[in-house]
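In: just the structure for this:
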Amino acid sequence: MAPPACVCSPLIARRLHHSNSTLDIAEIVRGTQLIEALHHTTADWGRLHRWFAHSYLRAGRPWAALSEFARAAVGGHGREVASDLRVILQSKVAGRTPASRDHNGDDAWIGMATAWIQELLDSSPEGILSQST
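Out: Numbers count the residues shown, from 1 in each chain. Predicted coordinates for the structure are as follows:
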């Protein structure tokens, strides 16, 4: 077996799909409340409600999303909610799905991450790490 590998920069992946646990809003709320209680802290519920709204939109539940956007606005994120709703409405008028974010600024990072992953694949013993297609 090869020695453990490390990366000098953060390597993060995000995957969204219909069965994603991030769509279990009730469980996320329970978990957040537990963290608040255990660590005597307060979560940014306005930010969470905004994130819940986007999760509901991905799940095709626009009325639930609108409710969460309202909670986010009341929770201090009114400017961000207004911006989100503007982007959503503009994209609907243009007939397209809004992009989650502009990835053009990530090109250099993506290149570094790709090179690191390829180096890891190239240095691994046969069969230990395989590149999926």
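In: pull the contacting residues for T41.
Out: I35 (CB atoms under 8 Å, 6 or more residues apart in numbering). For every residue, glycine as well, the C-beta is placed using N, CA and C.
In: which secondary structure state does it sit in?
Out: coil (DSSP: H, G, I helix; E, B strand; the rest coil).
In: so what's the backbone phi/psi at it?
Out: phi -140, psi 180 (degrees, to the nearest 10).
In: next one: H54
Out: phi -70, psi -40.
In: if I read this right, it contacts L66, doesn't it?
Out: No. With contact defined as CB atoms under 8 Å, H54 does not count as touching L66 (11.8 Å).
In: the two: who's more crowded?
Out: H54 (19 against 14; other CB atoms under 10 Å).
In: domain assignment for the chain?
Out: The chain breaks down into these domains under automatic domain parsing: 24-101, 104-133.
In: now these as JSON lines including mean pLDDT?
Out: What follows is the domains of the chain, written out as JSON lines (pLDDT from 0 to 100):
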{"stretch": "domain 24-101", "mean pLDDT": "88"}
{"stretch": "domain 104-133", "mean pLDDT": "66"}
